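**Student:** Pasting the sequence and the predicted coordinates here, then a few questions.
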Amino acid sequence: MIDNGRLERHHFAWLSIAAAVATIGLKTLAWWLTGSVGLLSDALESFVNLAGATFALWMILVTRDPPDRRHPFGHGKAEYFSSGFEGILILGAAVAIIWAGVERLIYPAPIESAGWGLAWSAAATFINFIVARVLGRAGERFDSIALRADSRHLMTDVWTSVGVIAGVTLVALTGWLVLDPLIAIAVGLHITLEAWHLLRESVDGLMDRSMDRAAVERATGVLESFHRRGVAFQGLRTRRAGASSFLQVVVLVPGEWSVRQGHDLLDEIEEALGKALPGTEVTTHLEPLP
């Protein structure tokens with residue numbers, strides 16, 4: 001069992017790279033043994049996995065850089081570039097897979113050594129399944145969009161492989177060669193959808209999308225608990241930047257309060273919001289009630 005307590009995000013990115021290299025070898029061997037365009041499409045997607053995992057590692061390492069003069073809010077958004085890049089790679093692989101499938105529809109070819117080919121493909125699928133589960137848990141733990149995107153991509157690869165294996169098995173049993181390219185085309189269309197989801201999530205992050213509804217509701221609940229002290233709030237704004245979150249709010253207090261009273265209240269509010277939303281950078285601004 002992996003001890004997540006001693007691991008950081010970049011360690012899981014290295015795990016994804018290792019899994020991609022292993023599955024490329026296994027799936028390429030499966031395609032070479034069978035000649036199946038469906039298994040070829042599966043092997044091509046593993047190259048996309050490798051490129052995506054490598055870029056994810058790079059972006060995760062970038063996010064570890066501390067804030068500087070040019071990037072005072074840190075480098076958390078770098079992970080969104082990883083998600084977008086992986087989406088573009090998946091889209092390119094989908095086009096290549098669909099093209100290969102259409103070509104095989106026009107020029108059918110028999111499948112050979114299906115047994116051994118399917119065995120190697122199944123081994124690669126099992127590796128992807130285990131790594132996808134590990135990356136998914138790590139993505140939630142570290143609140144990392146790069147790791148979550150890699151996990152979702154690998155799970156898509158798992159279900160794609162299951163479909164391809166089933167298709168090649170049916171071809172071997174029935175002799176219907178048309179099933180192989182049709183499944184390859186279906187794989188291409190399926191991963192096109194996954195590419196769209198990753199690209200949309202990347203754009204949302206780069207456009208400063210707010211924190212999720214549950215987090216905003218927790219923040220609102222914390223702020224409302226201070227109403228009994230005669231204060232009010234306005235201008236609550238939140239945004240996400242990779243694993244980092246930011247919250248801004250204007251605190252309205254009675255005009256007769258001293259600067260010390262207002263300052264102490266802001267400290268209390270920021271502490272309460274920090275406990276309700278761990279890891280969130282809270283910024284408050286003091287104004288008098290109208």
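**Tutor:** Everything's here; your move.

**Student:** Going by C-alpha atoms from here, please, whenever you check contacts or count neighbours.
**Tutor:** Will do.

**Student:** how about the strands in the chain?
**Tutor:** All strands of the chain, identified by DSSP state E, fall at 232-241, 244-253, 280-288.

**Student:** got the ones you listed as TSV, with distance to residue 123 columns?
**Tutor:** Shown next, in TSV, are those (distance: least, CA to CA, whole Å):
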stretch	distance to residue 123
strand 232-241	37
strand 244-253	37
strand 280-288	41
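
**Student:** Need those strands in CSV (columns: distance to residue 259, mean neighbour count and mean pLDDT).
**Tutor:** Shown next, in CSV, are those (distance: least, CA to CA, whole Å; neighbours: other CA atoms under 10 Å; pLDDT from 0 to 100):
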stretch, distance to residue 259, mean neighbour count, mean pLDDT
strand 232-241, 17, 17, 89
strand 244-253, 10, 19, 90
strand 280-288, 9, 16, 92
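
**Student:** Could you point out which of those strands sits nearest residue 104?
**Tutor:** Nearest to residue 104, of all the strands of the chain, is strand 232-241, at 44.2 Å by CA to CA.

**Student:** can you list contacts of that closest one?
**Tutor:** With CA atoms under 8 Å, 6 or more residues apart in numbering as the test, strand 232-241 has contacts from 76-77, 205-206, 208-211, 216, 223, 226, 245-253, 289.

**Student:** Can you list the strands that that strand pairs with?
**Tutor:** The strands that strand 232-241 pairs with in its sheet are strand 244-253 (antiparallel) (by DSSP bridges).

**Student:** Restrict the strand it pairs with to CA atoms and write it as PDB.
**Tutor:** Output of strand 244-253 as PDB, limited to C-alpha atoms (Å, rounded to 0.1, in the frame of the first residue of the first chain):
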ATOM      1  CA  SER A 244      -5.100  27.400  -4.200                       C
ATOM      2  CA  SER A 245      -8.300  29.300  -3.300                       C
ATOM      3  CA  PHE A 246      -8.900  33.000  -2.700                       C
ATOM      4  CA  LEU A 247     -11.700  34.800  -0.900                       C
ATOM      5  CA  GLN A 248     -12.400  38.500  -0.700                       C
ATOM      6  CA  VAL A 249     -15.100  40.200   1.300                       C
ATOM      7  CA  VAL A 250     -16.000  43.800   2.500                       C
ATOM      8  CA  VAL A 251     -16.900  43.900   6.300                       C
ATOM      9  CA  LEU A 252     -19.200  46.800   7.300                       C
ATOM     10  CA  VAL A 253     -19.100  47.900  11.000                       C
END
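
**Student:** what angle sits between it and strand 280-288?
**Tutor:** Following axes from the mean of the first three to the mean of the last three CA atoms, to 10 degrees, one obtains 20 degrees for the angle between strand 244-253 and strand 280-288.

**Student:** quick one: contacts of strand 244-253?
**Tutor:** Residues contacting strand 244-253 (CA under 8 Å, 6+ apart): 76, 211, 230-240, 262, 266, 279-289.

**Student:** Might one say that residue 138 is in contact with residue 9?
**Tutor:** Yes - using CA atoms under 8 Å, residue 138 makes contact with residue 9 at a distance of 7.3 Å.

**Student:** So for those two, which residues contact both of them?
**Tutor:** 144, 147.

**Student:** Point out where this protein drops to low pLDDT.
**Tutor:** For the chain, the stretches flagged by pLDDT under 70 are 1-7, 37-38, 41, 109, 111-115, 242-243.

**Student:** tell me the helices in it, going along the chain?
**Tutor:** For the chain, the helices defined by DSSP state H cover 9-34, 37-63, 78-106, 114-142, 145-174, 179-206, 213-224, 259-276.

**Student:** any idea which of the ones you listed is most buried?
**Tutor:** The highest average neighbour count among these, using mean count of other CA atoms under 10 Å, belongs to helix 37-63 at a mean of 24.

**Student:** angle of that helix against helix 9-34?
**Tutor:** Taking the same axes, to 10 degrees, one finds that helix 37-63 is oriented at 170 degrees with respect to helix 9-34.

**Student:** thinking in terms of the whole chain, how far from its middle is helix 37-63?
**Tutor:** Distance of helix 37-63 from its chain centroid, counting by CA atoms, centre = their mean, to the nearest Å, is 13 Å.
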